[in-house]
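Asks: quick one, what's the 3D model for this:
(4 chains)
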Protein chains: 2
Amino acid sequence: MGKHEDQRAELEVRLAAWVLAQGLSKTSLRQLAAGIGTSDRMLLYYFRDKAELLEVVLGRIAEAMTLSLTAALPLGQQFAPAALYARVAELAASAELRPYMDRWGEMAAAAARAEQPFAAIADAITQGFQFWVESRLAISDDAVRRDMASLLIVMIDGGALLEPLDGGRVSARARKMMQALLETIQ
Amino acid sequence: MGKHEDQRAELEVRLAAWVLAQGLSKTSLRQLAAGIGTSDRMLLYYFRDKAELLEVVLGRIAEAMTLSLTAALPLGQQFAPAALYARVAELAASAELRPYMDRWGEMAAAAARAEQPFAAIADAITQGFQFWVESRLAISDDAVRRDMASLLIVMIDGGALLEPLDGGRVSARARKMMQALLETIQ
DNA sequence: AACTCAATGTAGCACATGCTACAAGGCGGC
DNA sequence: GCCGCCTTGTAGCATGTGCTACATTGAGTT
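Replies: Just a heads-up that it's a prediction; the model follows:
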């Protein structure tokens, strides 16, 4: 196997860990290089350009997020909307998944500004998330299950987005109300 | 009255219009100056620094948004959650309010990245929005009215955030489901 | 040992950014 | 008419950015 590919994969892993921990705000080539202990020159040796680097690294992070989610709540079991919402809201706030949710929020935001290459990746994650929720909802009607999954996603993501605002109060109140609302339709 | 203040106010108006139309992604001093037909030098003559400029301009935009919202749905009338949600969702998608919602999404996103001075302004808007919704909800219990208002806000903002993703499908499905859900508790 | 070529370092370019120093214009009061 | 000062233009600095040219190293092959 090629040593080149190994080296590049190694860089990808370290970059993904660094970006996951540090966020998307400090992603200049020099900052990334300093963060993982190499040089910007090296990054551009192993990646065509910054766009390709980010695409690959964010892809890895997205993949890891999906793995984490699935590990925490394996496929097979199905839940009523209220129960699944509670589980996912709790998960999203957990120490393990919080960094992923934060990055996800940043990416969705960047996508809203039409920054590349965030839009494409955010799109893929959204669809993956939709599928993940959908396949864990105990709702027989296909269309309703789809719609309910989307509702949960908007609530989770919207909550995550507004979390840093107003000290998290709006977010907390909405979660509580949503929970109550979902329980009325058991 | 001082001519200086007039000049500055004039700049503020033009800057606000420009930023409202163009978004927050092109807000370097040179870009702003070119956009409204002046020089970066002038901007820094009338504003202490870029932070103050953005603060004032975004404040103006936020103010205009509140005015627009209130004009569209004056205080006095109160609505059941489902009705208010429908009205606001429709409003948020209208040609008049859409630019404001887009800017608001960008600001919330920027605030999530802890970029200054967005955080403080986004905070103020959130609270203003909470008050706006709360005072139009026909719910007698104070705590419940607060929580329901927050829920609607998270749904509206979350929907706006996810609107550009997956062709707006997730957003649309969530809106539909939420509507149905709210109607069950008339 | 000599050679080759991938891997890495050093230096720098061209550009954008926020901001500033300095000077020139122009409009007021005397 | 002349002076003074508010306003505006020109030029530039320091820094950060993505990216590149060139030189050097060093390990593997013959």
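Asks: what parts of chain A come near DNA strand C?
Replies: Residues of chain A lying near DNA strand C by C-beta under 7 Å from any atom of the strand: A:Lys3, A:His4, A:Gln7, A:Thr38, A:Ser39, A:Arg41, A:Met42, A:Tyr45. Where C-beta positions appear, they are placed from N, C-alpha and C, glycine not excepted.
Asks: so is stretch A:11-24 next to chain B?
Replies: Yes. Using C-beta under 8 Å from any C-beta of the partner chain, stretch A:11-24 reaches chain B at A:Gly23, A:Leu24.
Asks: related to what we said a few turns ago, just among the residues of chain A next to DNA strand C, which is most surrounded?
Replies: For these, the largest number of neighbours (other C-beta atoms under 10 Å in any protein chain shown) sits with A:Thr38, at 16 neighbours.
Asks: ramachandran angles for that residue?
Replies: phi -140, psi -160 (degrees, to the nearest 10).
Asks: longest helix in chain A, by residue count?
Replies: helix A:50-72 (DSSP state H).
Asks: any idea of the mean pLDDT for that helix?
Replies: Averaging pLDDT along helix A:50-72 yields 95.
Asks: okay, buried residues for it please.
Replies: A:50, A:53-62, A:65-66, A:68-69 (16 or more other C-beta atoms under 10 Å in any protein chain shown).
Asks: what is it packed up against?
Replies: helix A:3-22, helix A:29-36, helix A:98-112, helix A:118-134 (3 or more C-beta pairs under 8 Å, 6 or more residues apart in numbering or on different chains; DSSP states H and E).
Asks: close to DNA strand D: what parts of chain A are there?
Replies: A:Lys26, A:Thr27, A:Ser28, A:Leu29, A:Arg30, A:Gln31, A:Asp40, A:Arg41, A:Leu44, A:Asp49, A:Lys50, A:Ala51.
Asks: which of the residues you listed are buried?
Replies: Buried among those (16+ other C-beta under 10 Å): A:Thr27, A:Leu29, A:Lys50.
Asks: what secondary structure does the first one sit in?
Replies: On the three-state scheme (DSSP: H, G, I helix; E, B strand; the rest coil), A:Thr27 is labelled coil.
Asks: what sits against it?
Replies: The contact partners of A:Thr27, by C-beta atoms under 8 Å, 6 or more residues apart in numbering or on different chains, come to A:Val19, A:Leu54.
Asks: lowest average confidence, helix or strand, in chain A?
Replies: In chain A, the helix or strand scored least confidently by mean pLDDT, DSSP states H and E is helix A:98-112, which has a mean of 88.
Asks: show me which positions of it end up buried.
Replies: Of the residues in helix A:98-112, A:99-112 count as buried by neighbour count, 16+ other C-beta under 10 Å.
Asks: pick the one among these closest to DNA strand D.
Replies: Set against DNA strand D, the nearest of the buried residues of helix A:98-112 by C-beta to the nearest atom of the strand is A:Ala110 (13.5 Å).
Asks: pretty sure the closest one sits against A:Gly23.
Replies: No. A:Ala110 is not in contact with A:Gly23 according to C-beta atoms under 8 Å; the separation is 11.2 Å.
Asks: circling back: out of the buried residues of helix A:98-112, which is nearest to B:Ser150?
Replies: A:Gly105 (17.9 Å; C-beta to C-beta).
Asks: in contact with that closest one, which residues?
Replies: Going by C-beta under 8 Å, 6+ apart, the list of residues near A:Gly105 reads A:Asp157, A:Ala160, A:Leu161, B:Ala109, B:Ala112.
Asks: so what's A:Leu137 bridging to?
Replies: A:Phe79 (DSSP bridges).
Asks: so for stretch A:120-131, mean pLDDT?
Replies: For stretch A:120-131, the mean pLDDT works out to 92.
Asks: and it, what's buried?
Replies: Going by neighbour count (16+ other C-beta under 10 Å), the buried part of stretch A:120-131 is A:Ile121, A:Ala122, A:Asp123, A:Ile125, A:Thr126, A:Phe129, A:Gln130.
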